[in-house]
Every structure is written in structure tokens, then in C-alpha cells.
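*Asks:* take this sequence and fold it.
(one chain, ligands or ions: 1)
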Amino acid sequence: MKITEMLLTNVNSRPKKKIVPKGVVIHWTANEGSGANAVANRNYFNRPTTVASAHYIVDDKQIIRCLPEDEMGYHVGAQTYSQAALNKLSTYPNNCTIGIEMCVNADGSFAKMYEQTVALAADILKRHGWGVEHLWRHYDITGKNCPAFFVVNTTAQTYTGMPAKDAWAKFQQDVHRFLTVYPQKPQPDVDKCAVELTLTSTGKLINDVSYVPIRMIVEAVGGAVEWEPSTQKVTVNGQEVSYVNDQGTAFAKTRELAALLGLQVEWDEPRKAVVLKK
Ligand SMILES: [Zn+2]
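*Replies:* All right, here's what the predicted structure looks like:
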């Protein structure tokens with residue numbers, strides 16, 4: 001298991017408030033669209049207009065860490081909370097829980113995403129000295145149908161082939177088995193990464209040079225992008241960047257933009273992804 005750390009820079013999703021976690025909350029993204037993978041969800045959390053976050057997002061290929069486990073996220077807020085949550089967590093469970101989002105994008109494998117989530121949940125429980133009784137569904141805390149494949153029977157049947165109650169019980173058993181059978185490392189492998197994208201869907205190749213959409217990348221790493229209509233100039237963190245306009249979206253050369261943002265560029269051939277690292 002490897003964690004890719006792409007910490008949020010959006011202050012509306014990451015208030016940088018320290019917490020002492022008491023449990024892990026399991027969610028689903030509820031987005032079955034193709035491409036709604038872990039990176040896409042992480043970049044959504046990082047948009048300045050988004051006020052939502054979770055500590056981890058898991059798809060079939062990656063586990064992304066958006067927040068340190070000892071910082072508060074906004075994943076389980078509601079008007080009212082269950083008695084169990086009030087008793088065992090707090091009157092505002094965001095302030096004592098670690099959130100995991102499970103992706104259900106159509107172009108990913110549910111089974112692999114599930115396996116990765118089991119491994120991650122076991123890793124977190126182990127590091128905190130907890131058993132599976134510290135696992136919560138979002139539903140258990142607020143009554144929301146999340147994750148639907150562990151709450152709603154029809155959705156559970158579609159994804160897991162069993163009733164929701166059994167699917168949730170099996171998840172807990174799988175985590176428990178992982179905890180007890182596999183030796184856990186004291187710390188997981190963490191690959192620090194600023195942003196990445198799939199070139200085929202998000203970026204483009206022009207004469208064998210890779211280009212990426214400026215605003216998306218700059219927002220993903222928390223920089224400032226400005227467009228001056230009178231001069232048609234684009235600046236990133238106050239520095240002008242050359243760009244090509246493709247149907248209203250400004251693209252810059254990946255290497256030029258990365259240099260402006262102080263990031264290293266790597267190419268992940270198996271996944272056809274551009275990875276920008278700090
Ligand atoms: Zn949820």
C-alpha cells in the first residue's frame with residue numbers, strides 16, 4: 001500500500017485546526033461518472049469555492065491523502081447527530097474523525113478500490129491502536145445514505161451482491177482480517193506529490209510537447225492565476241506565462257508552468273499521467 005500525499009491548499013476546505021481523532025468515517029463520492037477518480041475529487045476539494053474535504057480519497061489505483069490525520073476536515077457535518085455519535089465522538093464529529101472517501105467512477109474497478117480501502121483503514125486503525133469498532137459509516141453519524149453501498153440495499157446489491165447490512169459487516173471483517181493477518185508497517189509509504197493529471201483526458205500533446213490547463217493546475221496547488229483582458233496576458237503568481245487557447249481554456253507548456261510553480265515534472269508511463277512534485 002502506498003499513499004500519495006497531495007495536501008489541500010484551499011483554506012475553505014482545510015482550516016488547519018488540530019484534532020485528536022477518535023474514529024474513521026467511511027464515505028463514498030456518490031459520483032459514478034467516468035474520470036471521477038481520487039485525483040479529480042482531490043482537485044475538487046482544492047477549488048477555492050469548495051467547502052468540503054476528507055483526509056483520504058481512494059480509487060482503484062491510488063490512495064490520496066488530502067489532510068494530515070491530526071487536522072480537521074469537513075466530511076461529516078450536519079444539523080443533528082446520532083446518539084451514538086454524540087456519546088462516542090463529540091457534538092461536532094468533524095473535530096475528532098478521519099474521513100475516507102471511496103470512489104465509484106465508472107472507469108475504475110470497485111473491487112480494487114475496495115481492497116485499497118480495506119488496507120488503508122487497517123493501516124489507520126493499527127497506527128492509532130484501534131479495532132474495527134472505531135469504523136463508522138457516514139450514515140451512523142448523521143443518517144445520510146453514505147456510503148450507499150453499505151446503507152441502501154439496492155445499491156449494495158449492485159456493488160457487492162449482498163444486502164447493505166451484510167456488505168458493511170463484511171467490510172469490517174475484511175479490515176479486521178487485514179489488521180490481524182498482515183503485519184502493518186509502523187508508517188505507510190508516502191509519496192509527496194503536488195498535483196497530477198492524466199494527459200490523455202486533461203492535458204494535451206502539441207508537437208510532442210505536453211501542455212496542461214493553467215487554471216486547473218494552479219488551483220490544484222494553491223497558486224494565483226490572473227487573466228488581463230486588455231493585454232490578453234496570463235500571469236501565475238504574478239509572473240507572465242505563455243499559453244495557447246483551446247476553446248476558451250488556456251494551456252501552458254507543462255515544464256514552463258511547473259518551473260513557475262517550483263514543481264518537478266515526472267511522467268508516469270503505465271498510467272499515462274503527468275505528475276508534478278514538490
Ligand atoms: Zn459521506
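*Asks:* run a quick neighbour tally on Ile217.
*Replies:* Ile217 has 28 neighbouring residues, counting by other CB atoms under 10 Å. Bear in mind the C-beta positions are built from the backbone N, C-alpha and C, glycine included.
*Asks:* would you agree it is in contact with Leu257?
*Replies:* Yes. Using CB atoms under 8 Å, Ile217 is in contact with Leu257, at 6.1 Å.
*Asks:* shared neighbours of the two, which are they?
*Replies:* Counting by CB atoms under 8 Å, 6 or more residues apart in numbering, no residue touches both Ile217 and Leu257.
*Asks:* which SSE is the most centrally placed residue in the chain in?
*Replies:* Geometric centre of the chain, nearest residue: Ile57, 3.1 Å, by CA atoms, centre = their mean. Secondary structure assignment for Ile57, by DSSP states H and E: strand 56-58.
*Asks:* just Thr154 next, same as before
*Replies:* Per DSSP H and E, Thr154 falls inside helix 153-160.
*Asks:* from the rest of the structure, what touches that helix?
*Replies:* 104, 110, 148-150, 162-164, 166-167, 170.
*Asks:* please redo it, this time with the cut-off set to 10 Å
*Replies:* Identification of contacts with helix 153-160 by CB atoms under 10 Å, 6 or more residues apart in numbering yields 28, 30, 102, 104, 110-111, 114, 145, 147-150, 152, 162-168, 170-171.
*Asks:* which positions in the stretch 51-200 of the chain make contact with the ion?
*Replies:* 138, 146 (CB under 5 Å from the ion).
*Asks:* low-confidence regions, the stretch 51-200 of the chain specifically.
*Replies:* Counting by pLDDT under 70, the stretch 51-200 of the chain contains low-confidence residues at 183-184, 193-200.
*Asks:* now the strands: where do they sit in it?
*Replies:* All strands of the stretch 51-200 of the chain, identified by DSSP state E, counting those that start in this stretch, fall at 56-58, 63-65, 97-102, 135-137, 189-192, 195-198.
*Asks:* just say which of these is most tucked in.
*Replies:* Stretch with highest mean neighbour count among the strands of the stretch 51-200 of the chain: strand 56-58 (a mean of 28; mean count of other CB atoms under 10 Å).
*Asks:* and that strand, what does it pack against?
*Replies:* strand 2-5, strand 23-28, helix 38-45, strand 63-65, strand 97-102, helix 110-128 (3 or more CB pairs under 10 Å, 6 or more residues apart in numbering; DSSP states H and E).
*Asks:* who touches that strand?
*Replies:* By CB under 10 Å, 6+ apart, the list of residues contacting strand 56-58 from outside reads 3-4, 6, 24, 26-27, 29, 37-42, 44-45, 63-67, 69, 73, 98-103, 108, 112-121, 124.
*Asks:* parallel or antiparallel, which strands does it pair with?
*Replies:* Strand 56-58 has the following sheet partners, assigned by DSSP bridges: strand 63-65 (antiparallel), strand 97-102 (parallel).
*Asks:* bridged to the nearest residue to Arg65 once chain neighbours are set aside, which residues?
*Replies:* Nearest residue to Arg65 in three dimensions, chain neighbours excluded: Glu5, at 4.5 Å (CB to CB, 6 or more residues apart in numbering). Beta-bridge partners for Glu5, by DSSP bridges, are Arg65, Lys192.
*Asks:* distance of Glu5 relative to Val39?
*Replies:* Taking CB to CB, to the nearest Å as the measure, Glu5 falls 13 Å from Val39.
*Asks:* more crowded one of these two?
*Replies:* The neighbour comparison of Glu5 against Val39 (other CB under 10 Å) goes to Val39, with 26 against 16.
*Asks:* now do the helices in the stretch 151-278 of the chain.
*Replies:* According to DSSP state H, counting those that start in this stretch, the stretch 151-278 of the chain carries its helices in the segments 153-160, 164-181, 214-221, 254-261.
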